[in-house]
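Asker: Sequence and predicted structure, then a few things I'm wondering about:
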Amino acid sequence: MKQTDYLVIGSGIAGLTYALKMADRFPNKKITVVTKASADETNTKYAQGGIAGVTDFENDSFEKHINDTLIAGDGLCNPKVVEIVVKEGVERISELINWGAQFDKKDDGEYALGMEGGHSEYRILHHKDVTGKEMERVLIEKVKEYPNIEFIKHWFVIELITQHHLGYLVTKATPDIQCYGVYALNTTNNQIEKILAGTTLLATGGNGQVYRSTTNPSIATGDGVAMVYRAKGRIENMEFIQFHPTALYEPGIGGQAFLITEAVRGDGGILRNKKGEAFMERYDDRKDLAPRDIVARAIDSEMKINGTEYVYLDCRHMDKDKFLHHFPNIFEKCLSIGIDVSQQMIPVAPAAHYSCGGIKTDEWGKTSIRNLFAAGECASTGLHGANRLASNSLLEAMVFGHRAFEEAAKNHTELLAPDLIPDWDTTGTTDPREMILITQSLKELQLLMSDYVGIVRTNVRLERAMKRLDLLWTETEQLYQTTKLSPQLGELRNMISVAYLIVKGAQFRKESRGLHFNTDYPEKSKLLQNIVL
Ligand code: FAD
Ligand code: SIN
């Protein structure tokens with residue numbers, strides 16, 4: 001068993017921002033960061049395009065960034081939260097720069113700002129095409145300066161500890177659910193241990209792995225959302241899954257798809273269909289730089305019309321030296337599979353990329369469960385509404401990592417007496433006999449979500465998805481009750497819950513808005529509604 005003052009689940013930008021600030025404010029308190037993987041294996045590490053923020057006050061303004069965010073969010077952003085993130089984001093970016101983050105500059109020493117879909121000005125700070133890697137590097141280096149931060153790797157957090165574990169009946173109607181810490185599987189010795197904490201922050205990232213093709217790494221299985229849902233906390237707007245328009249299409253390669261950043265289109269890349277037509281002008285006046293929901297749907301439509309599994313991103317007309325300077329990683333990756341981007345077009349297809357909804361929080365990162373905060377991609381703060389503006393998520397994660405810290409730092413919560421909380425009960429479970437029971441269910445889950453709950457949805461598809469999820473859930477619960485827990489089983493269970501929440505949200509939303517498009521309800525409803533489950 002472990003005990004800590006401030007527990008942080010997740011070592012991406014949200015978790016580490018919070019942990020660093022807490023450690024700095026309270027040198028005598030213990031901050032424990034837990035991750036189920038290596039320290040830097042996070043969505044954060046893979047971020048390419050950069051971080052949006054107003055730094056060029058001659059051409060840009062807070063109002064413009066706010067307006068772009070609200071337009072992308074299609075009516076569902078919380079305007080107050082948008083203003084908070086845009087304005088406070090600039091301070092957070094400065095902090096990161098002071099901690100050592102290097103963003104590309106022009107010859108005159110000014111930042112080389114990038115452009116992405118939905119932005120009316122150049123405002124994306126970036127480090128080549130590997131911005132996230134640079135940010136994660138800086139954060140992990142900084143953590144080493146704080147002896148009061150304990151960093152636990154390869155522990156899979158399974159469950160939030162609440163009154164339920166003390167023997168009380170906890171339902172959605174229970175007025176004051178509290179979090180006392182977590183149960184976690186130490187994968188080095190396969191023991192499930194309690195970590196008791198005064199305050200817990202969930203910074204568990206996204207859920208792209210619920211789909212067959214995703215830009216997200218394997219850690220992105222929606223664990224935080226599923227844990228809060230099981231603990232009877234509030235989850236919001238899960239139907240808004242953002243598909244990135246341009247993941248590299250590689251036939252026969254499953255799992256994480258390599259991203260071709262939107263910044264390539266910001267620098268002049270043009271989408272073309274099989275016939276070589278620049279089709280975006282038929283879909284939106286902003287052409288290739290329309291918001292992501294519009295571009296992804298346009299690509300999906302072109303693929304269906306032409307019977308192809310991809311479209312092309314044409315960069316042949318772009319200055320090769322400039323391309324190499326801004327996108328060295330993409331150039332190398334394409335070359336490694338035989339594509340010289342200055343000579344050939346890049347085959348691309350949409351892939352699940354970002355979860356706009358998640359654990360519902362207030363403007364200080366507080367969830368509906370006492371002593372439990374959430375920040376980063378797992379949270380639904382109200383910033384993104386029905387569709388996230390490109391490069392706003394790293395910004396949001398830093399702003400809410402900071403805000404959650406400020407709020408949590410106001411009170412010091414005493415730990416519950418350890419003997420009140422039972423050990424994890426493994427009675428009746430045996431070692432798993434065949435992994436196929438897990439791997440096959442995972443494949444089925446990813447396939448059904450991609451085919452029935454993807455970019456374009458219908459009532460019948462959603463109904464079918466729900467029926468199949470029911471079966472997967474029943475079979476997986478049986479396995480969970482009888483088998484020793486592994487991260488793979490825990491993740492499958494979480495992903496089925498997350499898929500259920502996505503489908504349920506999609507069924508409740510009787511309209512098409514932002515990232516949710518249902519051909520049975522093609523119009524927007526007049527009622528602006530967040531769907532809370
Ligand atoms: P993450 O960085 O994903 O960290 C999650 C952490 O939680 C990990 O440490 C993980 O191990 C841990 N964890 C999860 N579950 C458990 C568990 N059960 N037990 C223990 N630990 C657990 N956004 C932008 O703003 N700009 C961009 O340019 C950009 N590009 C992107 C490119 C790609 C390819 C991808 C995938 C995303 C991109 N995004 C971008 C989105 C952005 O990177 C993420 O939204 C953001 O980094 C999420 O940060 P986070 O701290 O919330 O979570
Ligand atoms: C990209 O670089 O295209 C991704 C940016 C983002 O997801 O915000």
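Answerer: Received it, and whenever you're ready, just let me know what you need. Ligands and ions are numbered 1, 2, ... in the order given.
Asker: tally of neighbours for residue 415?
Answerer: If you count neighbours by other Cβ atoms under 10 Å, residue 415 ends up with 14. For every residue, glycine as well, the C-beta is placed using N, CA and C.
Asker: And for the one 5 residues further on?
Answerer: Using other Cβ under 10 Å as the criterion, residue 420 is surrounded by 12 other residues.
Asker: With adjacent residues omitted, what lies nearest to it?
Answerer: In space, and not counting its chain neighbours, residue 420 is closest to residue 166: 6.1 Å by Cβ to Cβ, 6 or more residues apart in numbering.
Asker: And that neighbour, how far from residue 362?
Answerer: The span separating residue 166 from residue 362 equals 26 Å under the rule Cβ to Cβ, to the nearest Å.
Asker: do residue 159 as well
Answerer: Looking at residue 159 against residue 362, where the rule is Cβ to Cβ, the gap reads 24 Å.
Asker: Would you mind telling me which of those two has more residues around it?
Answerer: More crowded of residue 159 and residue 362, by other Cβ under 10 Å: residue 159, with 19 against 15.
Asker: pull the CA atoms of whatever helix or strand the more buried one lives in into PDB?
Answerer: Using DSSP states H and E, residue 159 falls within strand 155-161. The C-alpha coordinates for strand 155-161 follow below in PDB (Å, rounded to 0.1, in the frame of the first residue of the first chain):
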ATOM      1  CA  TRP A 155       1.400   0.600 -12.800                       C
ATOM      2  CA  PHE A 156      -2.100   0.200 -14.300                       C
ATOM      3  CA  VAL A 157      -4.700   2.100 -12.300                       C
ATOM      4  CA  ILE A 158      -7.900   0.000 -12.100                       C
ATOM      5  CA  GLU A 159     -10.500   1.700 -10.000                       C
ATOM      6  CA  LEU A 160     -11.200   4.800  -7.900                       C
ATOM      7  CA  ILE A 161     -11.700   4.100  -4.200                       C
END
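Asker: who does it touch, helix- and strand-wise?
Answerer: With contacts defined as 3 or more Cβ pairs under 8 Å, 6 or more residues apart in numbering; DSSP states H and E, the secondary structure elements packing on strand 155-161 are strand 181-186, strand 191-202, helix 223-230, helix 487-508.
Asker: Export those to JSON lines and append columns for mean pLDDT, distance to ligand 1 and mean neighbour count.
Answerer: Supplementary listing: the helices and strands packed on strand 155-161 in JSON lines, determined by pLDDT from 0 to 100; distance: least, Cβ to the nearest ligand atom, whole Å; neighbours: other Cβ atoms under 10 Å:
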{"stretch": "strand 181-186", "mean pLDDT": "98", "distance to ligand 1": "7", "mean neighbour count": "22"}
{"stretch": "strand 191-202", "mean pLDDT": "97", "distance to ligand 1": "8", "mean neighbour count": "23"}
{"stretch": "helix 223-230", "mean pLDDT": "98", "distance to ligand 1": "3", "mean neighbour count": "26"}
{"stretch": "helix 487-508", "mean pLDDT": "98", "distance to ligand 1": "7", "mean neighbour count": "22"}
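Asker: okay, the ones you listed in a markdown table with distance to ligand 2 next?
Answerer: What follows is those, written out as a markdown table (distance: least, Cβ to the nearest ligand atom, whole Å):
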| stretch | distance to ligand 2 |
| --- | --- |
| strand 181-186 | 29 |
| strand 191-202 | 21 |
| helix 223-230 | 19 |
| helix 487-508 | 19 |
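Asker: Output those in CSV; the columns should cover distance to residue 137.
Answerer: Formatted as CSV, the helices and strands packed on strand 155-161 follow (distance: least, Cβ to Cβ, whole Å):
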stretch, distance to residue 137
strand 181-186, 26
strand 191-202, 22
helix 223-230, 24
helix 487-508, 25
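Asker: Residue 520: which of those is closest?
Answerer: Taking Cβ to Cβ as the criterion, residue 520 comes closest to helix 487-508 out of these, the separation being 10.7 Å.
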